[in-house]
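Enquirer: This is a predicted model, with the sequence first.
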Amino acid sequence: MEWNGLATLDVWDALSEQITNELINRGFCKKEIISFMVALEEIYVNIINYAYAPYEGKVRTCLNINGDTVSVQFCDTGQPFDPLKTTFPNTTEVCTKRKAGGLGIFMARNKTDNMLYEYTGGENKITLIKKIKKGDSAQ
Amino acid sequence: MIVTKKNGNTISIINDDNNTTMLVVDVIKDKTKTTFAVSGSLKTHVASSFTDIMMDTLKNVEQLILDFTNVSYVASAGLRSLLTAQQYVDDTDDGTNIIITNINDEVRDVFESTGFINILNVQD
């Protein structure tokens, strides 16, 4: 499945609902879907905030399901940005010294089995991959 | 953001641009403490408004209880919101505190993996 549209929070809310519903309809565990959706949101929001700043731009989203493996790829034509090269936040820092930056990509990597990045054809292509259990839609 | 009153308490409803409800904060006031019964997800779309509600409340209470019974997940923007409030309380150092209760497994996982479990006051 593929979607094209402006990278905005409203578009993401509609898109995330569609992806969630598709995964629920395919019988994946709702609890794990929510966790995966948090990871997707972090990357999508990063594209909104930084890829085209201060302007808006488009993002193409592709959902692929292969057995129990779900992958979502986001493609944008904004500034090249490799999320795999970002440094992780210091998660042991005390509250007063704790910085707010870097948490989103850290969470996205934590909540997925694999994250891939390539810059080809003038596009950032970020793919998030996760094995998701079937069943148990309650939570 | 829509703010309504019911039985003396305030309910703040944070909507998106299409008027879809994203987060509901039922504010229950007691003499010295205020409880936020939060419903929804602490995501990017609502984090800024949620921070505003917390910061306004923290100026006037000794204790703020965030009841997350109906919070399905917390995104990084939500973490930043909680960090802002906790750092304000720590900096002010006047005895005001924030307690977060009734978090689900998803929220606990986020708090633990990011180390926020050690800087926030999370109680069962």
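Expert: On my side now, so go ahead. Numbering: from 1, shown residues only, chains lettered A, B, ... in the order given.
Enquirer: I'd like to know how many residues surround the residue of chain B found nearest chain A.
Expert: Proximity to chain A, evaluated over chain B using Cβ to the nearest Cβ, is greatest for residue B:115 at 3.2 Å. No exception for glycine: its C-beta is placed from N, CA and C like everyone else's. Counted with other Cβ atoms under 10 Å in any protein chain shown, residues neighbouring residue B:115 total 18.
Enquirer: wouldn't it be in contact with residue A:92 here?
Expert: Yes: with contact defined as Cβ atoms under 8 Å, residue B:115 counts as touching residue A:92 (5.7 Å).
Enquirer: Give the residue spans of chain A that score low on pLDDT.
Expert: Low-confidence segments of chain A, defined by pLDDT under 70, span residues A:136-139.
Enquirer: Spell out which residues of it are next to chain B.
Expert: A:9-10, A:13, A:31, A:34-35, A:37-38, A:41-42, A:45, A:89-96, A:98, A:100, A:103-104, A:106-107, A:110, A:139 (Cβ under 8 Å from any Cβ of the partner chain).
Enquirer: Show me just the buried residues among these.
Expert: Buried members of the residues of chain A next to chain B, counted by 16 or more other Cβ atoms under 10 Å in any protein chain shown: A:9, A:13, A:31, A:34-35, A:37-38, A:41-42, A:45, A:89, A:91, A:95, A:98, A:103-104, A:106-107, A:110.
Enquirer: Find the nearest non-adjacent residue to the residue positioned nearest the centre of chain B, please.
Expert: Nearest to the geometric centre of chain B sits residue B:66, at 5.1 Å (Cα atoms, centre = their mean). In space, and not counting its chain neighbours, residue B:66 is closest to residue B:100: 4.6 Å by Cβ to Cβ, 6 or more residues apart in numbering or on different chains.
Enquirer: what about the residue nearest to residue A:134 when sequence neighbours are not counted, neighbour count?
Expert: Nearest residue to residue A:134 in three dimensions, chain neighbours excluded: residue A:27, at 5.0 Å (Cβ to Cβ, 6+ apart). Residue A:27 has 12 neighbouring residues, counting by other Cβ under 10 Å.
Enquirer: packing partners for the helix or strand that contains residue B:13?
Expert: Taking DSSP states H and E as the criterion, residue B:13 maps to strand B:9-15. Packing contacts for strand B:9-15, counted by 3 or more Cβ pairs under 8 Å, 6 or more residues apart in numbering or on different chains; DSSP states H and E, involve strand B:2-6, strand B:21-29, helix B:44-58.
Enquirer: need the ones you listed in TSV with distance to chain A, can you?
Expert: Shown next, in TSV, are these (distance: least, Cβ to the nearest Cβ, whole Å):
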stretch	distance to chain A
strand B:2-6	17
strand B:21-29	8
helix B:44-58	5
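Enquirer: So which of those is the most surrounded?
Expert: When the helices and strands packed on strand B:9-15 are scored by mean count of other Cβ atoms under 10 Å in any protein chain shown, the highest mean neighbour count falls to helix B:44-58 (a mean of 20).
Enquirer: which residues are contacting the helix or strand following it?
Expert: Counting by DSSP H and E, the next helix or strand C-terminal to helix B:44-58 is strand B:63-74. Strand B:63-74 has contacts (Cβ atoms under 8 Å, 6 or more residues apart in numbering or on different chains) with A:34-35, A:37-38, B:32-43, B:54, B:57-58, B:82, B:85, B:96-104, B:106-107, B:110-111.
Enquirer: now, which of these lie within helices?
Expert: A:34-35, A:37-38, B:54, B:57-58, B:82, B:85, B:106-107, B:110-111 (DSSP state H).
Enquirer: What is the nearest of these to residue A:130?
Expert: Here the nearest of those to residue A:130, counting by Cβ to Cβ, is residue A:35; it sits at 8.1 Å.
Enquirer: That closest one against residue B:108, yeah?
Expert: No: applying Cβ under 8 Å as the test, residue A:35 and residue B:108 come out as separate, 11.6 Å apart.
Enquirer: for the closest residue to residue A:94 other than its chain neighbours, what are its contacts?
Expert: Spatial nearest neighbour of residue A:94, excluding adjacent residues (Cβ to Cβ, 6+ apart): residue B:119 at 6.9 Å. Contact analysis of residue B:119 by Cβ under 8 Å, 6+ apart lists A:94-95, A:98, B:83, B:86.
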